[in-house]
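Novice: just coords:
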């Protein structure tokens, strides 16, 4: 698991894309951890999340912005397939993708 963190830091990837049908959000993060943080998360995690789920990686988000024009994501390309992220996520059950952009995107 350390390799994932080193790869993300080495490649200077500081963004996550959160996507669900009809909505997408770009999140900037400043830190990654494989250890559950002691603080900095919503209170309901203690009663609703922690008893039911285990996470292998944690991101400290510093911003979350809704993407109002989903078509902008056609410029985000998955490194493995070289397909646009929307096409890749529609056909895959993978939990994450490493990506790059064809051009500068202003969210």
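Specialist: On my side now, so go ahead. Owing to the predicted nature of the structure, the values given are computational and were not obtained by experimental measurement. Residues are numbered from 1 along each chain as shown.

Novice: how much space between residue 43 and residue 52?
Specialist: Separation of residue 43 from residue 52 (C-beta to C-beta, to the nearest Å): 16 Å. Heads up, the C-betas are built off the backbone N, CA and C, glycines and all.

Novice: swap that for residue 14, please
Specialist: Residue 14 is 29 Å from residue 52, by C-beta to C-beta.

Novice: more neighbours: these two, which one.
Specialist: Neighbour count, other C-beta atoms under 10 Å: between residue 14 and residue 52, residue 14 has more, with 15 against 7.

Novice: these two touch, right, the more buried one and residue 31?
Specialist: No - if you go by C-beta atoms under 8 Å, residue 14 and residue 31 don't touch, sitting 9.9 Å apart.

Novice: ok, which stretches of this protein are helices?
Specialist: 2-10, 44, 85-91 (DSSP state H).

Novice: look up how far residue 29 lies from the residue lying closest to residue 31 once chain neighbours are set aside.
Specialist: By the measure of C-beta to C-beta, 6 or more residues apart in numbering, the closest residue to residue 31 outside its immediate chain neighbours is residue 60, 4.0 Å from it. Distance, residue 60 to residue 29, using C-beta to C-beta: 6 Å.
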